[in-house]
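*Asks:* Turn this into a structure:
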Amino acid sequence: MVHVSRVLLLQKSKKVWIDSLRVYVKGGHGGNGLPSIGGVGGSGGSVLITPSKKVKSLSNVYYDHFPNGKQRLIASPGETATKSLVRGQCGKDINVEVPVGIQVFDDHQRLLKDLDDENLQVRVALGGNGGGPSNGWMGQSGQVRHIRLDLKIIADVGLVGFPNAGKSTLLKAISRANPKIASYPFTTIKPNLGEVLYSKDQRKISLADLPGLIEGASYNVGMGHRFLKHVERTRLLLFVIDVNGFELQKGALYRSPFETLVLLNKEIELYNPDLLKKPCICVVNKRDSEGSEDKFEELQSLIENFGNNALNSFDSDDKFCPTKFLEISDILPISAKYSKKINIVWTVEFLLDIERSTRGGRNLGIMKSILTKNSAREVIFGVLW
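*Replies:* From the prediction side, this is the model:
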């Protein structure tokens with residue numbers, strides 16, 4: 001579809017962040033029976049996958065369960081019946097705890113279970129039956145297959161934008177998260193999570209800083225699918241737009257602030273158009289840069305008639321222009337760099353209003369009445385022109 005850019009993700013860490021894992025699973029073999037005394041062999045153990053809030057990423061699963069690099073889970077066999085043990089003991093199950101938000105697929109891409117709640121569990125490999133009169137007293141083999149564990153981050157608010165727009169800086173400013181921040185694109189190569197605690201009732205609002213998207217993300221350019229999938233489980237999309245526009249590298253095609261928003265709209269539509277139904281807010285970052293006031297006012301006027309202006313920007317070229325448009329509830333100018341001006345109490349209340357609105361399936365009209373007051377904008381972000 002869109003302009004294809006080559007992206008090199010160069011950073012390596014000692015402990016690699018993982019959001020997808022292919023695993024060989026095998027249920028335990030059933031124990032043999034003993035026909036002379038009617039003894040029945042024990043059933044083999046099964047392999048179970050259980051979500052837990054204690055586990056934060058698939059990296060923990062990988063390094064805890066596969067230290068030798070072999071991604072195999074094999075349950076224990078059942079015991080054979082003996083003269084002193086008429087019924088053989090069953091093999092032990094393997095129960096692997098994974099992060100909440102894991103989807104389990106088989107090798108044919110069939111969804112076995114969506115583990116989006118801590119109270120769920122899925123058996124991915126059933127142990128074999130023990131030997132008895134129905135199977136000739138021979139223990140049966142356990143189920144064998146490959147599965148894929150696919151993590152989709154669950155968060156109330158997802159920060160979406162092109163590289164170097166300031167998403168990580170904003171996350172750090174309004175939460176206790178400490179993401180890596182630098183002036184080059186693709187500093188964030190894995191989602192970062194932050195939480196804001198509302199002291200009155202101890203409720204938490206989670207925010208996910210998602211890696212920067214580029215044109216062609218819906219076609220997996222720049223690992224686009226790995227990044228876009230994390231948008232699916234957020235309650236609200238918060239688009240972070242650089243008021244100065246975007247240029248991947250020197251000499252690359254420049255995109256204006258409005259064009260970057262339109263292209264993000266297009267990429268999300270191509271990946272999954274249902275995501276456009278999520279409530280969304282646009283924050284325009286780097287208002288401290290020279291000439292930003294005029295640029296913001298221009299962007300604001302374009303967003304007010306988003307659909308028509310999007311068509312005009314790309315001459316109705318369907319390679320670039322979406323057919324379904326974001327319904328942006330508000331546009332806010334910010335300077336995430338100067339985070340000292342951000343009042344955390346008002347920010348939390350702002351996010352709580354977002355959560356209430358999205359939980360009830362309503363639009364964010366309530367937010368417009370709050371955010372159109374200059375005093376509220378100033379207290380929330382401290383960024384009035």
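*Asks:* Check the burial of N312 by counting its neighbours.
*Replies:* If you count neighbours by other CB atoms under 10 Å, N312 ends up with 12. Any C-beta I mention is one placed from the backbone N, CA and C, and that applies to glycine too.
*Asks:* On the three-state scheme, it is what?
*Replies:* Following DSSP: H, G, I helix; E, B strand; the rest coil, we place N312 in the helix state.
*Asks:* Return the distance of it relative to L326.
*Replies:* Distance, N312 to L326, using CB to CB, to the nearest Å: 16 Å.
*Asks:* What helix or strand is the nearest residue to P273 once chain neighbours are set aside located in?
*Replies:* Spatial nearest neighbour of P273, chain neighbours left out: K324 (5.6 Å); criterion: CB to CB, 6 or more residues apart in numbering. Using DSSP states H and E, K324 sits within no helix or strand.
*Asks:* Quick one: residues contacting F66.
*Replies:* Applying CB atoms under 8 Å, 6 or more residues apart in numbering to F66 gives the contacts R72.
*Asks:* Ok, R72 next?
*Replies:* 23-26, 66.
*Asks:* Reformat those into a markdown table and put distance to A125, secondary structure and pLDDT next to each item.
*Replies:* As requested, the contacts of R72 are exported to a markdown table (distance: CB to CB, whole Å; DSSP: H, G, I helix; E, B strand; the rest coil; pLDDT from 0 to 100):
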| residue | distance to A125 | secondary structure | pLDDT |
| --- | --- | --- | --- |
| V23 | 10 | strand | 97 |
| Y24 | 9 | strand | 98 |
| V25 | 4 | strand | 98 |
| K26 | 6 | strand | 98 |
| F66 | 16 | coil | 93 |
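*Asks:* out of those, which are buried?
*Replies:* For the contacts of R72, a neighbour count by 16 or more other CB atoms under 10 Å gives the buried set as 23, 25-26.
*Asks:* show me the contacts for the residue nearest to P273.
*Replies:* 269, 273, 276.
*Asks:* K278 versus that one, what's the distance?
*Replies:* Distance from K324 to K278, counting by CB to CB: 12 Å.
*Asks:* count of residues packed around I303?
*Replies:* By the criterion of other CB under 10 Å, I303 has 20 neighbours.
*Asks:* Pull out the buried positions in stretch 302-312.
*Replies:* Residues of stretch 302-312 classed as buried by neighbour count (16+ other CB under 10 Å): 302-303, 306, 310-311.
*Asks:* which two in these are spaced the farthest apart?
*Replies:* I303 and L311 (13.9 Å; CB to CB).
*Asks:* Next up, the contacts around the residue lying closest to L120 once chain neighbours are set aside.
*Replies:* Nearest residue to L120 in three dimensions, chain neighbours excluded: P51, at 6.1 Å (CB to CB, 6+ apart). Each residue near P51 by CB under 8 Å, 6+ apart is listed here: 97-102, 115-118, 120-121.
*Asks:* Of those residues, which count as buried by neighbour count?
*Replies:* For those, buried by 16+ other CB under 10 Å: 97-102, 115.
*Asks:* From these, pick the one nearest R235.
*Replies:* For the buried ones among the contacts of P51, the nearest to R235 is G101 (13.3 Å; CB to CB).
*Asks:* distance between the ends of stretch 229-245?
*Replies:* 25 Å (CA to CA, to the nearest Å).
*Asks:* Could you pull out the helices in the stretch 101-250 of the chain for me?
*Replies:* Assigned by DSSP state H, counting those that start in this stretch, the stretch 101-250 of the chain shows helices spanning 167-174, 224-228.
*Asks:* For the stretch 151-300 of the chain, which residues score under the pLDDT cut-off?
*Replies:* Along the stretch 151-300 of the chain, segments meeting pLDDT under 70 span 175-190, 196-203, 212-227, 249.
*Asks:* ok, now which ones touch the spatially closest residue to V122 that is not a sequence neighbour?
*Replies:* With sequence-adjacent residues excluded and distances taken as CB to CB, 6+ apart, V122 is closest to K113, at 3.7 Å. Counting by CB under 8 Å, 6+ apart, K113 makes contact with 49, 103-104, 120, 122.
*Asks:* Mind listing the residues bridging to K113?
*Replies:* As for beta bridges, K113 partners with V104 under DSSP bridges.
*Asks:* Roughly how far does it sit from E232?
*Replies:* From K113 to E232 the distance is 16 Å (CB to CB).
*Asks:* and what of L270?
*Replies:* When L270 is compared with E232 (using CB to CB), they lie 14 Å apart.
*Asks:* ditto for G251
*Replies:* Taking CB to CB, one finds G251 at 34 Å from E232.
*Asks:* go on, A208?
*Replies:* Counting by CB to CB, the gap from A208 to E232 is 11 Å.
*Asks:* These two: which is more packed in?
*Replies:* Ranked by neighbour count (other CB under 10 Å), A208 and E232 place A208 first, with 24 against 17.
*Asks:* hang on, that one packs against L151?
*Replies:* No - with contacts counted by CB atoms under 8 Å, A208 stays clear of L151, the gap being 11.9 Å.
*Asks:* Now do the helices in the stretch 251-385 of the chain.
*Replies:* Counting by DSSP H, counting those that start in this stretch, the helices of the stretch 251-385 of the chain are 257-271, 292-304, 306-313, 344-359, 365-371, 374-381.
*Asks:* First-to-last residue distance for stretch 312-329?
*Replies:* Using CA to CA, first and last residues of stretch 312-329 are 22 Å apart.
*Asks:* make that stretch 242-253, sorry
*Replies:* Stretch 242-253 has an end-to-end distance of 15 Å (criterion: CA to CA).
*Asks:* what's in contact with that stretch?
*Replies:* Stretch 242-253 is contacted by residues 3, 5, 161-166, 185, 214, 254-257, 259-260, 284-287, 289, 292, 295-296, 299, 333 when judged by CB under 8 Å, 6+ apart.
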